[in-house]
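Colleague: Any chance you could fold what I've pasted below:
(chains A and B)
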Amino acid sequence: MAKKMGKRLMGICGVAVTAVYAAGYIYTMPSAQAAATSTSLPAASASAPSTPSTSTSNHAKHTAKQQSTSSTTRKSSQSTSTSTKNQATSTAKYKDGTYTGTGTNAYGTCSVAVTIQHGKIASVKITNYMMHYPQYYIDPQLPKEVVSMQTWQIYIVSGATASTYNFAEAVYYALKKAKA
Amino acid sequence: MNIENWLKTPKGYMMAMLIGLTLVGALRPQDHIGLLNAGVSVVTALVIDWAVAMIYKNKKKFPDGGIITALIIADVLSNSTPWYIFVATTAVALLSKHLIKTGRKPIFNPAAVGLLVAIYVFSTGQSWWGSLALLPIWLIPVLIIPGIVISIRVNKFPQVVSFLGVYFALMLFMAIFHLGLPYDTPADALRIPFVNSALFLAFFMLTDPPTSPASYTKQIIFGSLVAVIGSVIFANYGGLAYLLIGLLVGNLSNYTLMRVKQRKLSEVMVNNKKALLKL
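Modeller: Purely as a prediction, here's the structure:
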């Protein structure tokens, strides 16, 4: 058994580790803030004008309830719709083709390929999934939901909120590219 | 031994700390179910450890090691994981402890084995909720203070410090030279929830006495190696498993070095014996 380490040495080591951590934290602060800004969806709620899928005006506004996985999640400002499905009909027209998008947060990254046919979302495929939660939590449920609802604003999957946010963000960016 | 004395032992203290963290982590409404999952893991551990004791006709003792493994697994697996995955992961972890061993010591950290299998075989999510990764940042002393105390109690402070020092230094290095992936960046690694995972691993998994070295020099090498392997995997692949793989590689190197030392010792003993016989 090794002899006990002196308290003074422990203190010095502890301070050294804290200093290295603080240096890293401070150095990465700009990139963390930039990432937080770039990954927050511009259209956080359905009422925002720049949403890729515009709800028809006679429909009730989405009751987009802000949901956060935790205070630590960078996507806390992002929301997805929890309103009823019939509110999500879309009149948006998209250019035909396949478009990709990526969503990222502290829990990982999700990329999708959205195929547009005749101006409508024909299929959504998850092309890259590097999240803390397994893919089967959201796949094929959420891709099917996007196709049926014709919007990126999908229901949050309980227990995989961060994955849902990332997926929604990825679809949002793909649809943004596809916008006519 | 009464409970008061038992709580003063490293295992007793470790278990008390893990129970405390589990209770605090479960304060988050979505993680209330974590208490039930922890119960499932602990019961599985009790059953397996007692079954193994019966099979090998060992003296029955309180399976504190198994309970600690179960609590670590419960604190790491996502609480949206089905209960039977907790059973399977705990079973894999404890079977690895009883089957992959040298003498009476397991070679690999049992919880790390179970959790790695859970990622790649059971495709489970791991939220490290017991590291308070999903709770506000002001609760982080609840993780750090008991962690430092336990690392001192088991005399593994140099190992913990070398791991964290090298890990944080490598993240800083990656940030300065823009190394790594566009996602899972050093900025992420140095912030919650990722940093909680590293701290939890350092304090409660790296410090496992049977699977890590005793001497301070070896502890520093061990801690540094785990940090380097983990950081390299993080920089190239990201994901969940980088810390666990780093720890298991460290365990394997510890075992290998121990075997080499044992072989050298036995060779010296044989040579001495031959020399004595010649005389």
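
Colleague: Distance from stretch B:21-29 to the middle of the chain?
Modeller: 20 Å (CA atoms, centre = their mean, to the nearest Å).

Colleague: And for stretch B:21-34?
Modeller: The chain centroid and the centroid of stretch B:21-34 are separated by 20 Å, computed with CA atoms, centre = their mean.

Colleague: list the buried ones in it?
Modeller: Judged by neighbour count using 16 or more other CB atoms under 10 Å in any protein chain shown, the buried positions of stretch B:21-34 are B:Leu21, B:Thr22, B:Val24, B:Gly25, B:Ala26, B:Arg28, B:Gln30, B:Asp31, B:Gly34. Any C-beta I mention is one placed from the backbone N, CA and C, and that applies to glycine too.

Colleague: Where does confidence bottom out across these?
Modeller: On pLDDT alone, B:Gln30 ranks lowest of these, at 73.

Colleague: Confirm that it sits in a helix.
Modeller: Yes: with DSSP: H, G, I helix; E, B strand; the rest coil as the criterion, B:Gln30 is assigned to a helix.

Colleague: Look at A:Met29 and say how many residues are nearby.
Modeller: Neighbour count for A:Met29, taken as other CB atoms under 10 Å in any protein chain shown: 13.

Colleague: Equivalent analysis for B:Asp188, please.
Modeller: When neighbours are counted by other CB under 10 Å, B:Asp188 comes out with 27.

Colleague: Go ahead and confirm it touches B:Ser197.
Modeller: No: when contacts are counted by CB atoms under 8 Å, B:Asp188 is not listed as touching B:Ser197 (10.8 Å).

Colleague: about what we covered before: for the buried residues of stretch B:21-34, which one is nearest B:Phe163?
Modeller: Of all those, B:Phe163 sits closest to B:Leu21, with 18.9 Å by CB to CB.

Colleague: for the buried residues of stretch B:21-34, which one is nearest A:Val124?
Modeller: B:Gln30 (26.4 Å).

Colleague: can you give me the helices for the stretch 1-150 of chain B?
Modeller: In the stretch 1-150 of chain B, the segments counted as helices under DSSP state H, counting those that start in this stretch are B:3-8, B:10-25, B:33-55, B:64-76, B:83-99, B:110-120, B:140-153.

Colleague: what comes up buried for the longest one?
Modeller: If I follow you right, that is helix B:33-55. B:34, B:37-38, B:40-42, B:44-49, B:52.

Colleague: same thing with the last one?
Modeller: When burial is assessed from 16+ other CB under 10 Å, helix B:140-153 yields the following buried residues: B:Ile140, B:Val142, B:Leu143, B:Pro146, B:Gly147, B:Ile148, B:Ile150, B:Ser151, B:Ile152, B:Arg153.

Colleague: ok so, going back, of the buried residues of helix B:33-55, which is the nearest to B:Ile192?
Modeller: Using CB to CB, those come closest to B:Ile192 at B:Gly34, 17.5 Å.

Colleague: mind checking how far the closest one is from B:Trp50?
Modeller: 24 Å (CB to CB, to the nearest Å).

Colleague: What is the three-state secondary structure of A:Val15?
Modeller: helix.

Colleague: actually A:Asn128, not the one I wrote
Modeller: When the rule is three-state DSSP, A:Asn128 gets the label strand.

Colleague: Could you double-check that it sits in contact with A:Cys110?
Modeller: Yes: counting by CB under 8 Å, A:Asn128 does reach A:Cys110; the two are 7.0 Å apart.

Colleague: what ranges of the stretch 51-200 of chain B fall below the confidence cut-off?
Modeller: Applying pLDDT under 70 to the stretch 51-200 of chain B flags residues B:183.

Colleague: Likewise for chain A?
Modeller: A:1-3, A:35-92, A:105-108, A:130-134, A:158-161, A:180.

Colleague: Using the record's domain definitions, break it down for me.
Modeller: Per automatic domain parsing, the structural domains of chain A span A:1-39, A:43-68+A:76-178.

Colleague: I'd like the distance between the spatially closest residue to A:Ile116 that is not a sequence neighbour and chain B.
Modeller: Excluding its sequence neighbours, the residue lying closest to A:Ile116 (CB to CB, 6 or more residues apart in numbering or on different chains) is A:Tyr94, at 4.3 Å. Distance of A:Tyr94 to chain B, computed by CB to the nearest CB, to the nearest Å: 26 Å.

Colleague: where does the stretch 51-200 of chain B come near chain A, residue by residue?
Modeller: Taking CB under 8 Å from any CB of the partner chain as the contact definition, the stretch 51-200 of chain B meets chain A at B:78-80, B:123-127, B:133-137, B:148, B:152, B:155, B:157-158, B:161, B:164-165, B:168-169, B:171-172, B:175-176, B:182-188, B:190-194.

Colleague: Now which of those residues would you call buried?
Modeller: B:78-80, B:124-127, B:133-135, B:148, B:152, B:155, B:157-158, B:161, B:164-165, B:168-169, B:171-172, B:175, B:183-188, B:190-194.

Colleague: re the thing from before, can you say which of the helices of the stretch 1-150 of chain B is nearest to A:Lys177?
Modeller: Among the helices of the stretch 1-150 of chain B, helix B:110-120 comes nearest to A:Lys177, with 32.7 Å by CB to CB.

Colleague: how far away is B:Met54 from chain A?
Modeller: The gap separating B:Met54 from chain A is 32 Å, by CB to the nearest CB.

Colleague: burial count for the residue lying closest to B:Asp75 once chain neighbours are set aside?
Modeller: Of all residues not flanking B:Asp75 in the chain, B:Gly130 sits nearest, at 2.2 Å (CB to CB, 6+ apart). Neighbour count for B:Gly130, taken as other CB under 10 Å: 30.
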